[in-house]
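Student: Sequence first, then the predicted structure, then my questions.
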Amino acid sequence: MNGFWVMLRREMAMAWGRGGGPLLALTFFVATATLLPLAVGASPARLAAVAPGSAWLALALASLLSLERLFERDYEDGTLDLLALGPVPLEAVAFAKGLAQWLTNGAPLALAAPVVAVALGAELRLVPLIFVSALIGGLGLAFTGGIGAALSLGSKRGGVLIAVLVLPLFAPPVIFGAGAIEAFAGGLDWHPALGLLAAYGLAAAALGPFAMAAACRNALS
Amino acid sequence: MFQALANPQRFMDFSRWAAPLVGIIAAILIAIGLWLTFTVPEDYQQGDTVRMMFIHVPAAYMAMFCYACLGGASFMGLVFRHSLADAAGRACAPLGAGFTFLALVTGSLWGRPMWGTWWVWDARMTSVLVLFLLYIGYMALQAAIDDEVKAARAASILALVGLINLPIIKFSVDWWNTLHQPASVFRAGGPTMPPAYLWPLALMAIGYMALFGSLWMVRVRSEVWRKRANSLALQAAG
């Protein structure tokens, strides 16, 4: 357990430490959202209708950004070999990486999501739910994305490949996350959608590390 | 049967005659199916466009069947580390993607006269599109890793992740569709299909299945040959 916390702290420090970390993802998130009014027109009525959904779309894209470095850096400098030999099982290492990805990328993005959505014209009463759904959804996005990151280790074009592998798997969280907000905005019951979103995130966090560890072992073999 | 065929030499002996035989069966079934397709009476609502069904429905069915085969081959490859299972997965993916693409294209062509639009974001079409993307992801991953064994294993892990995710995606897309309540573009279909339509549909479905089986064997055979050629080239290079 001790080793796990050391790993988590290390991952958090590395995520914040190099290359701006979450700031880059945040900037990308805002930049993507900026293009939306330019693409569909700035009329408030039209924008407000798609604001929560677009915030979720931009969120899913922004959470792809830092995935490329999640395993790649440790793979390149040999750290991953040492981790595979070390006392902490590779599954726990993968879980720590996924958790760190969620805390350092998902959480800041979740904080920014309501701001972006409101700027696009979402109603203020949606703000808490947008934050909560982005935070819970981030868990699923981080662990599903981690699988793609681990699988593309040793490949020639990591970033685009991860996006191609992972984006189809992002369909359920995007549906449930945006669905909860839409249901709430429409005066419907939004609890089931949020519950399903949480279920997806927890299932991804529980099963994802096994796939990540298997992919890492394969890349190291 | 799988146990016996896991031996590459035995598989090669078996598929040497099985692949052409199944291919001939596929050709006969599809020929009869196509002939019936163009001779069945028109549907009283859909008119001539009903003939699209016999091309489209079996393709959509095969799109899912191929992914199940891909998942099965990936599982065998990962658990038993068998090179033939890796070859089977590698050989299966483009076929599955082809059937999925055929289903999407024919569905779109059928949708144009029937619904007045090429594409509707309805639950089934959306999940078939996601399935297509999963196939593409599998092939892209396999192509991007140089080491063949590693590429096969990474792709196998992805196929299994996709296999677990497919029901979730299907469920979520269905759920999303009920949330949005789209304009009902589907005509209420008849409760039962007349036998005149059932026969060509069944023949085409079995014909597609046989076609897939035959092509799969041919592709696995060529994978085995390619590996042999590679190892011979390495030997020759000394």
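Tutor: Here it is on my side, so go on. Residues are numbered from 1 along each chain as shown, chains lettered A, B, ... in the order given.
Student: alpha carbons only for contacts and neighbour counts from here, please
Tutor: OK.
Student: tally of neighbours for the nearest residue to A:Phe170 once chain neighbours are set aside?
Tutor: Once flanking residues are discounted, A:Phe170 sits nearest to A:Leu141: 6.7 Å by CA to CA, 6 or more residues apart in numbering or on different chains. Counted with other CA atoms under 10 Å in any protein chain shown, residues neighbouring A:Leu141 total 32.
Student: residues touching A:Leu141, list them.
Tutor: Contacts for A:Leu141 were tallied using CA atoms under 8 Å, 6 or more residues apart in numbering or on different chains; they are A:60, A:63, A:170, A:173, A:201.
Student: Kindly report the residues of chain A close to chain B.
Tutor: For chain A, the residues found near chain B under the criterion CA under 8 Å from any CA of the partner chain are A:151-152, A:154-157, A:161, A:164-165, A:168-169, A:171-172, A:175-176, A:179, A:183, A:211, A:214-215, A:218-219.
Student: Which of those fall within strands?
Tutor: If you go by DSSP state E, those have nothing in strands.
Student: are any of the residues you listed buried, and which?
Tutor: Buried by 16 or more other CA atoms under 10 Å in any protein chain shown: A:151-152, A:154-155, A:161, A:164-165, A:168-169, A:171-172, A:175-176, A:179, A:183, A:211, A:214-215, A:218-219, out of those.
Student: What residues of stretch B:154-168 count as buried?
Tutor: B:154-163, B:165-166, B:168.
Student: where does A:Leu103 fall, helix, sheet strand or coil?
Tutor: Secondary structure assignment for A:Leu103 (DSSP: H, G, I helix; E, B strand; the rest coil): helix.
Student: What about it, how many residues nearby?
Tutor: 19.
Student: And the pLDDT at it?
Tutor: We have a pLDDT of 90 for A:Leu103.
Student: what's the residue lying closest to it once chain neighbours are set aside in contact with, if anything?
Tutor: Nearest residue to A:Leu103 in three dimensions, chain neighbours excluded: A:Met12, at 7.9 Å (CA to CA, 6+ apart). By CA under 8 Å, 6+ apart, the contact set of A:Met12 is A:100-101, A:103-104.
Student: Pick out the one among those with the largest number of neighbours.
Tutor: Greatest neighbour count in those, by other CA under 10 Å, goes to A:Gln101: 28 neighbours.
Student: I'd say it and A:Gly140 touch.
Tutor: No. Here A:Gln101 lies out of contact with A:Gly140, judged by CA atoms under 8 Å, at a distance of 10.8 Å.
Student: Not counting sequence-adjacent ones, nearest residue to B:Ser74?
Tutor: Per CA to CA, 6+ apart, closest to B:Ser74 is B:Ser156, 4.5 Å.
Student: my guess is A:Thr32 meets A:Trp56, correct?
Tutor: No. The pair A:Thr32 / A:Trp56 is not scored as a contact, 11.1 Å apart, by CA under 8 Å.
Student: Give the residue spans of chain B that score low on pLDDT.
Tutor: Applying pLDDT under 70 to chain B picks out residues B:1-5, B:44-45, B:179-193.
Student: Secondary structure added to the buried residues of stretch B:154-168, as a markdown table?
Tutor: Converted to a markdown table, those look like this (three-state DSSP):
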| residue | secondary structure |
| --- | --- |
| B:Ala154 | helix |
| B:Ala155 | helix |
| B:Ser156 | helix |
| B:Ile157 | helix |
| B:Leu158 | helix |
| B:Ala159 | helix |
| B:Leu160 | helix |
| B:Val161 | helix |
| B:Gly162 | helix |
| B:Leu163 | helix |
| B:Asn165 | helix |
| B:Leu166 | helix |
| B:Ile168 | helix |
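Student: and which of these is nearest chain A?
Tutor: Proximity of those to chain A (CA to the nearest CA) peaks at B:Ala154, which lies at 5.7 Å.
Student: how much space between the closest one and B:Ile145?
Tutor: 9 Å (CA to CA, to the nearest Å).
Student: Spit out the residues that contact those two alike.
Tutor: With CA under 8 Å, 6+ apart as the test, B:Ala154 and B:Ile145 both reach A:Ser152.
Student: Now do the helices in the chain.
Tutor: Going with chain A. Taking DSSP state H as the test, the helices found in chain A are A:2-17, A:22-40, A:44-62, A:68-76, A:79-85, A:90-101, A:107-119, A:127-151, A:158-166, A:171-185, A:191-220.
Student: wait, chain B
Tutor: Taking DSSP H, the helices of chain B run over residues B:2-5, B:8-39, B:52-80, B:83-115, B:123-144, B:148-180, B:195-237.
Student: Mind checking the ones you listed for the one nearest to A:Leu135?
Tutor: Nearest to A:Leu135 among the helices of chain B is helix B:148-180 (19.1 Å), distances taken as CA to CA.
Student: And that closest one, what does it pack against?
Tutor: Judged by 3 or more CA pairs under 8 Å, 6 or more residues apart in numbering or on different chains; DSSP states H and E, helix B:148-180 is in contact with helix A:127-151, helix A:171-185, helix A:191-220, helix B:52-80, helix B:83-115, helix B:123-144.
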